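**Q** Give me coordinates for this.
(chains A and B)
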There are 2 protein chains.
Amino acid sequence: MPGEFDLIRRFFHYPTSHTDLGVGDDAALLRARPGMQLVVSTDMLVAGTHFLPDTDPFLLGWKAAAVNISDMAAMAAEPRWITLALALPHADEEWVSALARGFRECCEGYCVDWIGGDTTRGPLNLCPTVFGEVPFESAVRRDGARHGDDLWISGWPGMAALGLAQLQGQLQLVGGWAESCLDRLHRPLPRVALGIGLRGIASAMLDVSDGLLGDLSHILERSQVGAIIEETALPLEPLLAACKITERATAALLGGGDDYELLFCVPREKRGQVEALSRHFELPLHRIGRILDKSGLWLQRGDGVCEALAARGFDHFVAAKTPD
Amino acid sequence: MPGEFDLIRRFFHYPTSHTDLGVGDDAALLRARPGMQLVVSTDMLVAGTHFLPDTDPFLLGWKAAAVNISDMAAMAAEPRWITLALALPHADEEWVSALARGFRECCEGYCVDWIGGDTTRGPLNLCPTVFGEVPFESAVRRDGARHGDDLWISGWPGMAALGLAQLQGQLQLVGGWAESCLDRLHRPLPRVALGIGLRGIASAMLDVSDGLLGDLSHILERSQVGAIIEETALPLEPLLAACKITERATAALLGGGDDYELLFCVPREKRGQVEALSRHFELPLHRIGRILDKSGLWLQRGDGVCEALAARGFDHFVAAKTPD
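**A** From the prediction side, this is the model:
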């Protein structure tokens, strides 16, 4: 391993606040608090597959941390520790320093200790692994959705997809919306506080990374249920304001990933608790449908007609994914 | 993500024995046993940097697991869980199935639950993250070496380096030795039981992955000490038998990585305990030198003369590394 890589490793030495031993040994040492389960997730981000090779390194670092921290939010867990393994085609100190700053800034914002990693030569590839804590039996999994549960989505999903479309020259967004949409694409804000707030309320949950419909299908499959989405309940306002095309806005909302909003199911009788969380966090939470006992995914149109989404085809909505 | 990758993910679903929730959700759930610290390490293996692109996938899977498990051995920890994030240039089912079998077989051999990961498209890259447990305050770190400690190495380091040299056509090893050396290169056996046995005995430890001298320098740096190695104590026998060249054998022993033997320091008064472990595990443990209070690394030659290894140059020994 060349000395330049050793130098670069120094960008990855930061103080930790709740770790017994951080960077510098064969492994890091940490302790979960009593009564806590550990929650573990790993994601790999590859240049050309998950991000454009010329992405700003600070934003790339931020996003690499954020998408992993979002997996903790999706389990109703508190993110606590993270590692970053990194392959670089060459040792560009300035680039790596910016990447490390972005990664660290996101971690700090969520009180996550960066405890170690690996730096090596190779085609650009980032692989964070994140560890969280959740009180025993409190994690919200994908397999708990039940017939009659309401289906909720946080925030304004679809904006990141519009931002990507703008970036790829497919769209020209209106005025200030371009900036907001690009910001959602580049600096997603994992819904950690909301996820924790939904402990004991949500029956099933995940974070939307591949698109609302595609990710919903994971909940339906794991919970062995179906769902109906109400077209009139979809939070289209900002998307319509940004792109002015209903079809495009709907596709971005149902098919776009990269917003890292939380999609969750809640028994009807807990509706008030969700509304209270929305007020508490000053975060819009939209009730967009409900869970059915028969399998399948349906769209209830504004005119009351129900349409099977499988028949219409998911692909219709898989509009604006990151390059693949 | 194409459907073929979804298919491939199925190779990564295995039963677990001590995990609350494995593959299939946003994250895995696990619990450390009471009184245990968690030990975390991640490594990235890149085609062309860490292994030859045409490496047998079963052996590659084995090695990816083994080198990570070895980091647990190096901390005197018990490896318990592992994730594998994986980028593949294309979805070759047969290749991935063999890789998964190798990875799994190694994990099973060390009672490690494979709890999740990620599969994506990209230049071939494997990134396992391993989690172990160690009783609180029992981990053996790199920073505990003290003046007067003996310096020990397990097994027969250097064989993997000779195997690689044979593979690269630089050497023609004698008879059956070629097979043994290639086996050490392809299927390293992390010294987990020895690592655990050394709790309370070793003052500092690491696993040799980059070469004995290079890795020893990490212990010396972290512990702020020096060391002297006795040339006549080096376990050269099998290396000499295999390659018949003293210079080459010494270079392989001091500079070759990939054997994943344990290098550890032990106070002189515990020498008998190390010898007892050697008998118990039927594993040769070689006392090759001792720790000094002044910094630097020295070689005591057979004629009694001490030579500064820094002056002679480490590079002299960095003979047979994996392609970089």
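**Q** For A:Asn125, give its distance to B:Gly48.
**A** The gap separating A:Asn125 from B:Gly48 is 13 Å, by CB to CB, to the nearest Å. (Glycine included, C-beta is placed from N, CA and C.)
**Q** Compare those two (neighbour count), which wins?
**A** A:Asn125 (27 against 15; other CB atoms under 10 Å in any protein chain shown).
**Q** So the spatially closest residue to that one that is not a sequence neighbour: helix, strand or coil?
**A** In space, and not counting its chain neighbours, A:Asn125 is closest to A:Ala87: 4.3 Å by CB to CB, 6 or more residues apart in numbering or on different chains. Assigned with DSSP: H, G, I helix; E, B strand; the rest coil, A:Ala87 falls in the strand class.
**Q** For A:Ala87, give me its contacts.
**A** A:Ala87 is in contact with A:120-125, B:44, B:46, B:49, B:125, counting by CB atoms under 8 Å, 6 or more residues apart in numbering or on different chains.
**Q** Is it bridged to anything, and to what?
**A** A:Ala87 forms beta bridges with A:Thr120, A:Asn125, as assigned by DSSP bridges.
**Q** circling back to that earlier point, out of the contacts of A:Ala87, which two sit at the greatest distance?
**A** Across these, the longest distance by CB to CB is 12.9 Å; it joins A:Leu124 and B:Thr49.
**Q** hang on, A:Asn125 packs against B:Gly122?
**A** Yes. Taking contacts as CB atoms under 8 Å, A:Asn125 lies within contact range of B:Gly122: 6.4 Å.
**Q** Give me the domain ranges for chain A.
**A** Following automatic domain parsing, one gets these domains for chain A: A:35-135, A:150-304.
**Q** Mind checking these for the one nearest to B:Glu108?
**A** domain A:35-135 (19.3 Å).
**Q** give me the residue from the stretch 51-200 of chain A nearest chain B.
**A** Nearest residue of the stretch 51-200 of chain A to chain B (CB to the nearest CB) works out as A:Gly122 at 3.3 Å.
**Q** any idea how far that residue lies from A:Ala66?
**A** Distance of A:Gly122 to A:Ala66, given as CB to CB: 23 Å.
**Q** Could you work out the end-to-end span of stretch A:181-195 for me?
**A** 23 Å (CA to CA, to the nearest Å).
**Q** Of all the residues in that stretch, which ones are buried?
**A** By neighbour count on 16 or more other CB atoms under 10 Å in any protein chain shown, the buried set for stretch A:181-195 is A:181-182, A:184-192, A:194-195.
**Q** would you turn those residues into TSV with secondary structure, pLDDT and distance to chain B?
**A** Compiled in TSV, these are given as follows (DSSP: H, G, I helix; E, B strand; the rest coil; pLDDT from 0 to 100; distance: CB to the nearest CB, whole Å):
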residue	secondary structure	pLDDT	distance to chain B
A:Cys181	helix	95	23
A:Leu182	helix	93	23
A:Arg184	helix	93	20
A:Leu185	helix	92	18
A:His186	helix	91	20
A:Arg187	coil	93	21
A:Pro188	coil	93	15
A:Leu189	coil	94	17
A:Pro190	coil	96	11
A:Arg191	coil	97	12
A:Val192	helix	97	13
A:Leu194	helix	98	14
A:Gly195	helix	97	10
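**Q** closest to B:Asp25 among the residues you listed?
**A** Distances from B:Asp25 to these, taken by CB to CB, are shortest for A:Gly195, at 13.3 Å.
**Q** who touches stretch A:275-284?
**A** A:154-156, A:191, A:193-194, A:197-198, A:201, A:235, A:285.
**Q** buried subset of those residues?
**A** Buried, going by 16+ other CB under 10 Å: A:154-156, A:191, A:194, A:197-198, A:201, A:235, A:285, out of those.
**Q** any idea of the mean pLDDT for stretch A:150-164?
**A** The pLDDT scores in stretch A:150-164 average 95.
**Q** what's the span of that stretch, first residue to last?
**A** 30 Å.
**Q** gap between that stretch and the chain center?
**A** Stretch A:150-164 has its C-alpha centroid displaced from the chain centroid by 10 Å (CA atoms, centre = their mean, to the nearest Å).
**Q** so what's the residue positioned nearest the centre of chain A up against?
**A** Taking CA atoms, centre = their mean, the centroid of chain A lies closest to A:Tyr260, which sits 2.7 Å from it. By CB under 8 Å, 6+ apart, A:Tyr260 lies in contact with A:66-67, A:70, A:73, A:188-191, A:207-209.
**Q** swap in A:Asn68?
**A** A:41-43, A:79, A:82, A:128-130.
**Q** Go back to the residues you listed and keep what's next to chain B.
**A** By CB under 8 Å from any CB of the partner chain, the members of these lying near chain B are A:41-43, A:129-130.
**Q** rewinding a little: so A:Leu124 and B:Thr49 - more neighbours on which side?
**A** A:Leu124 (21 against 17).
**Q** Quick check: pLDDT value at that one.
**A** 94.
**Q** Please, which helix or strand holds A:Thr83?
**A** strand A:78-88 (DSSP states H and E).
**Q** And for the closest residue to chain B within the stretch 151-300 of chain A, the neighbour number?
**A** Closest approach between the stretch 151-300 of chain A and chain B, counting by CB to the nearest CB: A:Leu206, at 5.5 Å. Close neighbours of A:Leu206, defined as other CB under 10 Å, add up to 24.
**Q** Just the C-alphas of the helix or strand in which it is found, formatted as CSV.
**A** Taking DSSP H and E as the criterion, A:Leu206 maps to strand A:204-207. Provided in CSV are the C-alpha atoms of strand A:204-207 (Å, rounded to 0.1, in the frame of the first residue of the first chain):
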residue,chain,number,x,y,z
ALA,A,204,-44.2,-1.9,9.7
MET,A,205,-41.7,0.6,8.3
LEU,A,206,-38.9,1.1,5.8
ASP,A,207,-37.1,4.0,4.2
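**Q** And the contacts of that strand?
**A** Contact with strand A:204-207 is made by A:70-71, A:73-76, A:140-145, A:149, A:190-191, A:195, A:198, A:215, A:218-219, A:222-223, A:260-265, B:25-26, as judged by CB under 8 Å, 6+ apart.
**Q** mean confidence score for the helix or strand following it?
**A** Note on strand A:204-207: by DSSP H and E, the next helix or strand toward the C-terminus is helix A:212-223. Averaging pLDDT along helix A:212-223 yields 92.
**Q** Who are the packing partners of helix A:212-223?
**A** Packing partners of helix A:212-223 (3 or more CB pairs under 8 Å, 6 or more residues apart in numbering or on different chains; DSSP states H and E): strand A:204-207, strand A:226-230, helix A:246-255, strand A:262-266, strand A:296-300.
**Q** Mind giving me the packing neighbours of the fourth one?
**A** Using 3+ CB pairs under 8 Å, 6+ apart as the contact criterion, the elements in contact with strand A:262-266 are strand A:150-154, strand A:204-207, helix A:212-223.
**Q** Ok, which of these comes nearest A:Tyr110?
**A** strand A:204-207 (13.8 Å).
**Q** Can you tell me the strand partners of the closest one and which way each runs?
**A** In the sheet, strand A:204-207 lines up against strand A:262-266 (antiparallel) (DSSP bridges).
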